[in-house]
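Engineer: Below is the sequence, then the predicted model.
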Amino acid sequence: MSNLKERLEFYMTKAGLNPTSLSRKARLNITAVRDILQHPGNPNPRIDTFIKLCEALGIGAHQLSPQFERLFSPRQRELLDGISELDEKDSQMRKEIAKEKNNRESA
């Protein structure tokens, strides 16, 4: 993945989101994501839009943008990716715990 569009599409697919649902989740104009994906050339969203997209996707800036990725050494990127994986596992575990708690309460 070499550019913002490709990375955005990848993380949207991974999260099971389409442009409209991601725009809503990020609290952006309903066409914000679509406009980025359809922009000719390399889009350059405002920083607040970029941050909202990262937060809505649950990823770090370095994962969405090659420019941010270049700010980190390979070891730093490896550590940041590890943190992202741990965050994802933590989220899954919290969901499983909540589900188990609900099952016990309803029994």
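Structural biologist: Everything's here; your move.
Engineer: okay, CA-based contacts and neighbour counts for the rest of this
Structural biologist: Noted.
Engineer: all strands in this protein, in order from the N-terminus.
Structural biologist: Counting by DSSP state E, the chain has no strands at all.
Engineer: Just list what the worst-scoring helix or strand of the chain on mean pLDDT packs against, helices and strands only.
Structural biologist: Between all helices and strands in the chain, the lowest mean by mean pLDDT, DSSP states H and E belongs to helix 66-69, at a mean of 74. Using 3 or more C-alpha pairs under 8 Å, 6 or more residues apart in numbering; DSSP states H and E as the contact test, the elements touching helix 66-69 are helix 61-64.
Engineer: Pull the residues that contact stretch 5-25.
Structural biologist: 1, 29-34, 36-37, 42-43, 53, 56-57, 63-65 (C-alpha atoms under 8 Å, 6 or more residues apart in numbering).
Engineer: next one: stretch 31-50
Structural biologist: 3-5, 9, 19-20, 22-23, 28, 61.
Engineer: Make a markdown table out of those and add distance to Arg75.
Structural biologist: Listed next are those as a markdown table, based on distance: C-alpha to C-alpha, whole Å:
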| residue | distance to Arg75 |
| --- | --- |
| Asn3 | 21 |
| Leu4 | 22 |
| Lys5 | 25 |
| Glu9 | 25 |
| Pro19 | 32 |
| Thr20 | 35 |
| Leu22 | 30 |
| Ser23 | 32 |
| Leu28 | 33 |
| Ala61 | 16 |
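Engineer: what about Thr20, distance to Ala98?
Structural biologist: Distance check for Thr20 against Ala98: by C-alpha to C-alpha, to the nearest Å, it reads 28 Å.
Engineer: out of these two, which sits in the busier spot?
Structural biologist: Neighbours were counted for Thr20 and for Ala98 using other C-alpha atoms under 10 Å; Thr20 has more, 16 against 12.
Engineer: Okay, helices next: where are they in the chain?
Structural biologist: Ranges of helices in the chain, per DSSP state H, are 4-15, 19-25, 32-38, 47-57, 61-64, 66-69, 74-106.
Engineer: Most neighbours among the contacts of stretch 31-50, which one is it?
Structural biologist: Leu22 (23 neighbours).
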